[in-house]
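Novice: Sequence first, predicted coordinates after that:
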Amino acid sequence: MTGIEVRNLTKRYGPITAVDTLSFTVRPGAVTAFLGPNGAGKTTTLRMMIDHVAPTSGSVTICGRRYRDLPRPTTVVGAVFDASAFHPHHSARDHLRIYAAMGGFPDGRVQELLTLLGLADAAERRTGGFSTGMRQRLNLATALLGDPRVLLLDEPSNGLDPEGTAWLRSFLRDLADDGRTILISSHVLSEVQQIADDVVVIRQGRLLTAGPLHELTGTAQAVLVRSPDSAELSRILMRHAQAVRADGPDELRVRGLDAARIADLAAGQGLRIHGLTSEHPSLEQIFLDLAGERTNG
Amino acid sequence: MRPLIHAELRRLLATRMWLGTLLVAALLGGGLIGLLAVIGPENFDPPMPGLHTEAGVRAVLGFLGFTAFIPAAIGTLAVTSEYRHRTVNFTFLFAPDRWRVLAAKLSTYGFAGLIYGIVLSSTAALALFGAAALRGVSLGLPTATVIELLARLAVAMGAYTVLGVGMGALIRHQVAALCVVIGYLYGAELLLMMIPGVRHLYPWLPGGATSALTDFTAVADALSQQLSAEPVRLLSPLAGGLLLLGYTVLASTAALLKPMRRDVI
């Protein structure tokens, strides 16, 4: 097992349950987005993975072991939490040299990462003057010192400009394609939709759903039907579809049937159709639907 | 443990603070002691015994004990700055055994504090002997004894640095930790000495232990005189040194029991 396995993880702060019997797995070779609104328990869960926060109950194993039991932990896991976790008077090189020594990695690795992350020209500059993008690159360089197979990133694109976000996406994609396990948390769902292979969605510390992104968006796919016979058509479709909802006087939103099947059913009853549009919902929509179902349920 | 100590040394040398601190040590050792010796304790207000007496030499050198807040503050900053600048995120990622992090800081900063003490004491020795020669005064203590006293001061500086590390780990919040460490050294302990009955605890407090280690009793004696009380008997120099280290062990153990185990959020 080279990924992450979370089992019945719970964290309580007094009367508040931040994470509630959470279970999911994160597979290698993929980018997994860990999603949920602010305060959902994402950061607490990530911190429990690396022993920054002690769970109330449950467990997390990375590559089959608890973090503290890994012989050289940073050769297995790299993690980034705060946007800035540097002494402002240290240069980027000094910062990396400190943690290279701590992890027992050669100084050559520092130069390698400064070059890889595009920080070679800023290596001697104090980190206090770094832009958000440069800080994020230095964060990643620190996390990658041990060439870990697992990378945990908490809201990595916070504060990044579009260019920085695009760079980060491509960088993480390359790391995942190299077989690494990448888990990134975010509350900006549209942003991770472009990079995630899998998603884990939580709300109020509880799991809403987990699985491949395409399955999630596939099941949530809807078809928008425009028909002057919408009332009659709705009755027919209700017998076959998961859900049929009237969106307007001549409009129906149908889930659980594809456009071709809807057209066939309408033709079979001699009902007119003026338009069929397949919709691929955004992660936001899926999340809102899931949250709504959970709340209503 | 070696990688962690290596990392702490790199952290210590990464800014120029170490250079500034050693400069301060040289200024305090050479400058302060030089100034006091050149003026002569007999010209202080109120006058004190001159450098030709044992009491005079001890009084002048004893002033260095008041600068112990500097190494104590440096030790405190070694831990609290990790929390302030959030580097603790990476530090505990690289070293999940938090006691190792603290042990590495105690070793590294104990060594650094000793270096600070050596610079302080060496420059003080140069200044004292130089001023005495300049004024044509024969010191009231043999050279070997002066050197021994200064060596004890250097050890005290190392002990205060590790005590600062322990207090920083215990309190974590930078400003609060510095206020407690400096406030205690400069206020609380002296106030305690003024309370009848409680002042007998002084030999067992960090300041009393430092006075024992450095053989500097001027403050305790002066306060006793003002309060018309019996002089407080200090511990032996060795016991004083061990007591200082005991306080460090106490602060570090307390820090490891709770504050350093707290969730990093």
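Specialist: Nice, I can see it.

Novice: only C-alpha atoms for contact and neighbour calcs from this point on.
Specialist: Fine.

Novice: who's in contact with B:Leu213?
Specialist: The neighbours of B:Leu213, taking Cα atoms under 8 Å, 6 or more residues apart in numbering or on different chains as the test, are B:152-153, B:156, B:236-241.

Novice: Write the ChimeraX selection for whichever of those residues are buried.
Specialist: To isolate the buried subset of these in ChimeraX, counting by 16 or more other Cα atoms under 10 Å in any protein chain shown, use the following:
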select /B:152,153,156,236,237,239,240,241
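
Novice: Check the contacts of B:Leu213 against B:Ala25 and report the nearest one.
Specialist: Closest approach to B:Ala25 among the contacts of B:Leu213 (Cα to Cα): B:Leu153, at 12.1 Å.

Novice: Name the next helix or strand downstream of the worst-scoring helix or strand of chain B on mean pLDDT, please.
Specialist: Across the helices and strands of chain B, mean pLDDT, DSSP states H and E gives its lowest value to helix B:218-226, namely a mean of 61. Moving toward the C-terminus from helix B:218-226, the next helix or strand (DSSP states H and E) is helix B:237-257.

Novice: so how far is that following helix from its chain's centroid?
Specialist: Offset of helix B:237-257 from its chain centre (Cα atoms, centre = their mean, to the nearest Å): 13 Å.

Novice: Show me what that helix packs onto, helices and strands only.
Specialist: Judged by 3 or more Cα pairs under 8 Å, 6 or more residues apart in numbering or on different chains; DSSP states H and E, helix B:237-257 is in contact with helix B:98-135, helix B:143-171, helix B:206-214.

Novice: and the longest one, which residues are buried?
Specialist: When you say that, I think you mean helix B:98-135. Neighbour counts over helix B:98-135 (16+ other Cα under 10 Å) mark B:98-99, B:101-106, B:108-125, B:127-132 as buried.

Novice: And for the shortest one?
Specialist: Using 16+ other Cα under 10 Å as the burial criterion, the residues of helix B:206-214 that qualify are B:206-214.

Novice: between the residues you listed, which is nearest A:Asp178?
Specialist: For those, the nearest to A:Asp178 is B:Pro206 (56.8 Å; Cα to Cα).

Novice: give me every residue that touches that closest one.
Specialist: B:243-244, B:247.

Novice: Same check on B:Ala55?
Specialist: Contact partners of B:Ala55, counting by Cα under 8 Å, 6+ apart, are B:49, B:140.

Novice: What about B:Gly50, how many residues nearby?
Specialist: By the criterion of other Cα atoms under 10 Å in any protein chain shown, B:Gly50 has 21 neighbours.

Novice: isn't it right next to B:Ile39, touching?
Specialist: No: between B:Gly50 and B:Ile39 there is no contact under Cα atoms under 8 Å: 10.0 Å.

Novice: what sits against the residue of the stretch 151-265 of chain B found nearest chain A?
Specialist: Nearest to chain A, among the residues of the stretch 151-265 of chain B, is B:Asp263, at 4.5 Å (Cα to the nearest Cα). Listed by Cα under 8 Å, 6+ apart, the contact partners of B:Asp263 are A:52-54.

Novice: From B:Gly246, how far off is A:Asp82?
Specialist: In this view, A:Asp82 and B:Gly246 are 36 Å apart by Cα to Cα, to the nearest Å.

Novice: Ok, B:Ala239 next?
Specialist: For B:Ala239 relative to B:Gly246 (Cα to Cα), the value is 10 Å.

Novice: What count of nearby residues applies to A:Gly129?
Specialist: Quick note: A:Gly129 (other Cα under 10 Å) scores 12 neighbours.

Novice: Nearest spatial neighbour of it, chain-adjacent residues omitted?
Specialist: In space, and not counting its chain neighbours, A:Gly129 is closest to A:Pro88: 7.6 Å by Cα to Cα, 6 or more residues apart in numbering or on different chains.

Novice: and the one you found, what does it touch?
Specialist: Per Cα under 8 Å, 6+ apart, neighbours of A:Pro88: A:126-129, B:85.

Novice: let's see it at 7 Å
Specialist: Contact analysis of A:Pro88 by Cα atoms under 7 Å, 6 or more residues apart in numbering or on different chains lists A:126-128.

Novice: tell me the SS of it?
Specialist: coil (DSSP: H, G, I helix; E, B strand; the rest coil).

Novice: Next up, identify which helix or strand residue 61 is on.
Specialist: Just so you know, I chose chain A. strand A:57-62.

Novice: My question was about chain B, not that one.
Specialist: Using DSSP H and E, B:Leu61 falls in helix B:54-62.

Novice: Report the next helix or strand after that helix in sequence order.
Specialist: Per DSSP H and E, the first helix or strand lying C-terminal to helix B:54-62 is helix B:69-84.

Novice: and the angle for that next one with helix B:143-171?
Specialist: Orientation of helix B:69-84 against helix B:143-171 (axes from the mean of the first three to the mean of the last three Cα atoms, to 10 degrees) gives an angle of 20 degrees.

Novice: Which elements pack onto helix B:69-84?
Specialist: Helix B:69-84 sits against helix B:143-171, helix B:174-183, with contacts defined as 3 or more Cα pairs under 7 Å, 6 or more residues apart in numbering or on different chains; DSSP states H and E.

Novice: what about 8 Å?
Specialist: helix B:98-135, helix B:143-171, helix B:174-183.

Novice: now the first one, how far from the chain's geometric center?
Specialist: Meaning helix B:98-135. The answer for helix B:98-135 is 9 Å, by Cα atoms, centre = their mean.

Novice: do the same with the last one
Specialist: Relative to the chain's own centre, helix B:174-183 is displaced by 15 Å; criterion: Cα atoms, centre = their mean.

Novice: now that helix and helix B:69-84, what's the angle there?
Specialist: Using the same axes, to 10 degrees, helix B:174-183 lies at 160 degrees relative to helix B:69-84.

Novice: got a list of contacts for helix B:174-183?
Specialist: Here helix B:174-183 makes contact (Cα under 8 Å, 6+ apart) with B:69, B:72-73, B:76-77, B:80-81, B:84, B:164, B:167-168, B:171.

Novice: Please repeat the previous calculation with a cut-off of 6 Å.
Specialist: Contact partners of helix B:174-183, identified using Cα atoms under 6 Å, 6 or more residues apart in numbering or on different chains, comprise B:69, B:80, B:168, B:171.

Novice: give the contact list for the residue nearest the centre of chain B.
Specialist: Chain B has B:Ala68 as the residue nearest its centroid, 3.0 Å off, counting by Cα atoms, centre = their mean. When the contact criterion is Cα under 6 Å, 6+ apart, B:Ala68 has no partners at all.

Novice: B:Gly241 too?
Specialist: By Cα under 6 Å, 6+ apart, the contact list for B:Gly241 reads B:Leu213.

Novice: Can you check the pLDDT for it?
Specialist: Looking at B:Gly241, its pLDDT is 83.

Novice: any idea how far it lies from B:Phe111?
Specialist: Counting by Cα to Cα, the gap from B:Gly241 to B:Phe111 is 15 Å.

Novice: same deal with B:Ala72?
Specialist: Relative to B:Phe111, and taking Cα to Cα, B:Ala72 is found at 13 Å.

Novice: Low-confidence bits of chain B, can you list those?
Specialist: B:216-231 (pLDDT under 70).

Novice: Name the residues of it found near chain A, please.
Specialist: Residues of chain B lying near chain A by Cα under 6 Å from any Cα of the partner chain: B:3-4, B:7, B:10-11, B:85-87, B:94, B:263-264.

Novice: sorry, back to before: any chance of JSON lines for the contacts of B:Asp263, columns secondary structure and neighbour count?
Specialist: Shown next, in JSON lines, are the contacts of B:Asp263 (DSSP: H, G, I helix; E, B strand; the rest coil; neighbours: other Cα atoms under 10 Å in any protein chain shown):
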{"residue": "A:His52", "secondary structure": "coil", "neighbour count": "21"}
{"residue": "A:Val53", "secondary structure": "coil", "neighbour count": "19"}
{"residue": "A:Ala54", "secondary structure": "coil", "neighbour count": "20"}
